[in-house]
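**Q** Structure of the sequence below:
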Amino acid sequence: MSIVIALAALALVACGGGGGGDEESPTATVVATATEESSQDAARRVEADDDPSLPGEYVDLPAIYGGHYGGEPNTGPHVRATVDYSRQGLPPVGGPHWGSAACGTDPSEAPPFCGPAPWGIYREAWEPETLVHNMEHAGVVIWYNTSDQDVIDELEAFAQEKLSAGTLLVLAPYPDMGDETVAITVWSRRDVMAADELDLDRIQEFIDVLYCRFDPEGFC
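**A** Numbers count the residues shown, from 1 in each chain. Purely as a prediction, here's the structure:
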């Protein structure tokens, strides 16, 4: 929050006549006006926050895309093309994404360039361009590439608990990420772990600290 201080008036007031009258001391009236940080300004601040004490790995989207969120160039434009996210690592944590149509709940029947996906648990992969839009909407995406059904079951139970509590979250497989890995992402941050070292407490901390920090459109 920024504070704007305005000196509204500075007045000298003299009372009485002759040499024996009393004089009032100079008075100053100070008017303070508080201005709320806009959601877009807050989003740009969060996008640029490389604080190493925050959970996960910071990905510098402004450096990669040469601009900032909502600017020109924009780190989060809607596009109608496949996006190469390799410069930021996988899974992606922002960048150009799809938003040309509503997706429905079945990735295999989704229309071209749709986004975001409905919040929920999926056993079929969405295109990453779709799920980047979910992160633009302040959400968390948990991605996995593992054949270990026990790990998948744990992730699904965890995700269901979060969804039942109202968390904006998608859980889905992502075969293009490293083999036998799990990742959690929000806009500009990512935490990746080996599937056989799944740590739900670590994922919970990531959510506790980072969920809804980036919220340019006011979904939280």
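
**Q** How is the chain divided into domains?
**A** 2-35, 39-210 (automatic domain parsing).

**Q** For residue 217, which of the ones you listed is the nearest?
**A** In terms of Cβ to Cβ, the element of the domains of the chain nearest to residue 217 is domain 39-210, at 6.3 Å. In short, each C-beta sits where N, CA and C put it, glycine included.

**Q** Now do the helices for the chain: every range, in order, please.
**A** With helices called from DSSP state H, the chain shows them at 39-47, 61-65, 128-136, 149-164, 200-210.

**Q** Deepest in the core, which of the domains of the chain is it.
**A** Across the domains of the chain, averaging neighbours per residue (mean count of other Cβ atoms under 10 Å) puts domain 39-210 on top, at a mean of 18.

**Q** Please work out the average pLDDT along that domain.
**A** The pLDDT scores in domain 39-210 average 98.

**Q** so how far is the first residue of that domain from its last?
**A** One end of domain 39-210 to the other measures 16 Å (Cα to Cα, to the nearest Å).

**Q** can I get the domains of the chain in JSON lines with distance to residue 220?
**A** Shown next, in JSON lines, are those (distance: least, Cβ to Cβ, whole Å):
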{"stretch": "domain 2-35", "distance to residue 220": "21"}
{"stretch": "domain 39-210", "distance to residue 220": "5"}
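
**Q** Nearest approach to residue 216 belongs to which of the ones you listed?
**A** Set against residue 216 and scored by Cβ to Cβ, the domains of the chain come closest in domain 39-210, at 3.7 Å.

**Q** returning to what we had before: list just the one of the domains of the chain that sits closest to residue 218.
**A** Comparing the domains of the chain by Cβ to Cβ, domain 39-210 comes nearest, at 5.5 Å.

**Q** The closest one: how far from the chain's middle?
**A** In terms of Cα atoms, centre = their mean, to the nearest Å, the centre of domain 39-210 is set 10 Å apart from its chain centre.

**Q** hang on, the earlier thing: export the helices of the chain to CSV and tack on distance to residue 180?
**A** Listed next are those as CSV, based on distance: least, Cβ to Cβ, whole Å:
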stretch, distance to residue 180
helix 39-47, 30
helix 61-65, 27
helix 128-136, 19
helix 149-164, 9
helix 200-210, 16
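
**Q** Which one, of these, ends up nearest to residue 105?
**A** helix 128-136 (12.2 Å).

**Q** and residue 142, what does it touch?
**A** 155, 159, 169-172, 182-184, 203 (Cβ atoms under 8 Å, 6 or more residues apart in numbering).

**Q** Looking at those, spot the one nearest residue 86.
**A** Nearest to residue 86 among the contacts of residue 142, with distances taken as Cβ to Cβ, is residue 183, at 15.2 Å.

**Q** Okay, the closest one and residue 81: tell me how far apart.
**A** Computed as Cβ to Cβ, to the nearest Å, the residue 183 to residue 81 distance reads 24 Å.

**Q** Next: residue 153.
**A** Separation of residue 153 from residue 81 (Cβ to Cβ) stands at 36 Å.

**Q** One more: residue 211?
**A** The gap separating residue 211 from residue 81 is 30 Å, by Cβ to Cβ.

**Q** go on, residue 159?
**A** Residue 159 sits 30 Å away from residue 81, taking Cβ to Cβ as the criterion.

**Q** ok, now residue 129?
**A** Look at residue 129 and residue 81: by Cβ to Cβ, they are 9 Å apart.
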